[in-house]
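> this one's structure only:
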C-alpha cells in the first residue's frame, strides 16, 4: 500500500486567511509522515497553489483539484484536510466542489457548513429543537432600522454581529441606545446581514465535538475569560484572554454543556471537528454559534482540548482522516 496523498487546504477569501494559514501549518507539521504524503494547498483570491517546502508554487487545476509537484504525473489528493476559516471553505462552497469531484474531505458537508456559517439560519433551526439561545433581532443592509424596537427585543447591553463572518470581525458590544447604529454600520463592513443579540451574563465556554469512528464525543470544555469587553479578535489571537481547560464550572454544568454540544452536532448532522460556543447563565447552557472549521493553530482552543483529553494532534488528525478515507 502506498501512502495516501493528503491536501491540507488553507487560506480562504475572508479576513481570516492568515489565521487559516497558521492552522494549516500546524496540521501539516502534525500529520503522520510515515502514513501520508502531505501537500499544503493555499486557496487564495489571487490563486490556488501547492506550496512546496522550498517555496515553489505549483498551480492547482480546478478541473480536478490536481497539481504538479515537480514529478512526471500530477497529484490528485485522496483526502482534503480542510482548515479554511470563513469563505469559501467554511460556508459550503468548497465542500460542494470536492463532493462533485468525488474527493473526501474532513469538514462538514456543504449544506451543514452553509447552515452553521449563517448564524441566523442556524439559530432558527436549533430553536425549534428546544436549544436555548439569546433573544435576537435581524437587520439587512438597505432596510429601515428601528432602534427602539431592537432595544425592546434584545435589551441592553446587546451584541451586534455580522451574520456570516468569523474570528469576531465586525462585532460590537453595545451598552447604550446611541451605540446601536454605529455598531450596525461596523457589522455591515463584514456582511450585508446583521444579527443583534441580548448580551447574556454568565461563563463563556467552548466545546469541540468529533466523531471517533464509533461514537460522537465532546472534548474537555474550555472557559473563556476575556480581558476585553468580550471575546473579540484581540482576545482570541493577541493573547488578551485566558482560555482555561478544563473550564471552572460545576460537574453538572460540564455534563450539561457537553451533552448539548453533542446533541447540536447530531441535530446539524455534522462531520469532522465542530466547536460550539455557549454562555452558561443560571446553570443553563445558551447556544451562541458553532464553527465547522475551528482554529487549529497552536494558540487555538481545539488543540488545547485535544491535549487535555490525552491525545496528540497527530492521533486526533489521523482519526479525522481515517473517518473519511474508508
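That came through fine. Keep in mind that what you see is a predicted model, and the values were worked out from it rather than measured. Residues are numbered from 1 along each chain as shown.

> which residues touch residue 62?
Neighbour list for residue 62: residue 48 [criterion: CB atoms under 8 Å, 6 or more residues apart in numbering]. To be clear about C-beta, it is placed using only N, CA and C from the backbone, and glycine gets the same treatment.

> how about 10 Å then?
Shown in contact with residue 62 (CB atoms under 10 Å, 6 or more residues apart in numbering): 48, 97, 101.

> Next: residue 211.
217, 265, 266, 270, 271, 272, 273, 274, 319, 320, 323.

> One more pass at 7 Å, please.
By CB atoms under 7 Å, 6 or more residues apart in numbering, residue 211 lies in contact with 271, 323.

> what bridges to it?
Counting by DSSP bridges, residue 211 forms beta bridges with residue 216.

> Please work out the average pLDDT along stretch 98-112.
Regarding stretch 98-112, the rounded mean pLDDT is 97.

> burial of residue 152, as a residue count?
Residues lying near residue 152 (other CB atoms under 10 Å) number 10.

> Dihedrals phi and psi, it?
Main-chain torsions, residue 152, degrees, to the nearest 10: phi -60, psi -40.

> and the gap between it and residue 196?
Per CB to CB, to the nearest Å, residue 152 is found 12 Å from residue 196.

> Show me how to select, in ChimeraX, the buried members of the contacts of residue 62.
This is the ChimeraX syntax for the buried subset of the contacts of residue 62, where burial follows 16 or more other CB atoms under 10 Å:
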select :48,97,101
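
> How about the contacts made by residue 193?
Neighbours of residue 193 in contact, by CB under 7 Å, 6+ apart: 120, 140, 163, 164.

> quick one: which of these is nearest residue 17?
Nearest to residue 17, judged by CB to CB, of these is residue 164 at 15.5 Å.

> how much space between the closest one and residue 25?
Distance, residue 164 to residue 25, using CB to CB: 25 Å.

> So these two - more neighbours on which side?
Higher neighbour count among residue 164 and residue 25: residue 164, with 21 against 17, using other CB under 10 Å.

> if I read this right, that one contacts residue 118, doesn't it?
Yes. Contact between residue 164 and residue 118 holds when scored by CB atoms under 7 Å: they sit 5.7 Å apart.

> rewinding a little: from the contacts of residue 62, which land in strands?
residue 48 (DSSP state E).

> Dihedrals phi and psi, the residue of the chain positioned farthest from its centre?
Taking CA atoms, centre = their mean, the residue of the chain most remote from its mean C-alpha position is residue 72, at 36.9 Å. Here is the backbone geometry of residue 72 (degrees, to the nearest 10): phi -60, psi -50.

> For residue 140, give me its contacts.
Counted by CB under 7 Å, 6+ apart, residue 140 has contacts 192, 193.

> how does it look with 6 Å?
Contact analysis of residue 140 by CB atoms under 6 Å, 6 or more residues apart in numbering lists residue 193.

> who does it bridge with?
residue 193.

> where does it land on pLDDT?
So residue 140 comes in at 96 (pLDDT).

> Kindly report the same for residue 235.
Note on residue 235: pLDDT of 47.

> hang on, the earlier thing: tell me the one of the contacts of residue 62 nearest residue 296?
Checking these against residue 296 by CB to CB gives residue 48 as the nearest, at 20.2 Å.

> Excluding sequence neighbours, find me the nearest residue to that closest one.
Excluding its sequence neighbours, the residue lying closest to residue 48 (CB to CB, 6 or more residues apart in numbering) is residue 60, at 3.9 Å.

> my guess is the one you found meets residue 47, correct?
No. Look at residue 60 against residue 47 with CB atoms under 6 Å: they stay out of range, at 8.2 Å.

> Who has more neighbours out of the two?
Legend: neighbour count by other CB under 10 Å for residue 60 and residue 47, higher for residue 60 (24 against 10).

> And the more buried one, how far from residue 194?
Counting by CB to CB, the gap from residue 60 to residue 194 is 34 Å.

> Residue 135 too?
Taken as CB to CB, the span from residue 135 to residue 194 is 15 Å.

> What of residue 137?
Residue 137 sits 9 Å away from residue 194, taking CB to CB as the criterion.

> Which one of the two is surrounded by more residues?
Per other CB under 10 Å, whichever of residue 137 and residue 194 has more neighbours is residue 194, with 25 against 18.

> Model confidence for that one, exactly?
Looking at residue 194, its pLDDT is 95.

> what's the answer for residue 171, then?
pLDDT, read off for residue 171, is 88.

> does the residue nearest to it when sequence neighbours are not counted belong to a helix or a strand, and which?
Closest residue to residue 171 apart from its sequence neighbours, by CB to CB, 6+ apart: residue 161 at 4.8 Å. Using DSSP states H and E, residue 161 maps to strand 158-162.
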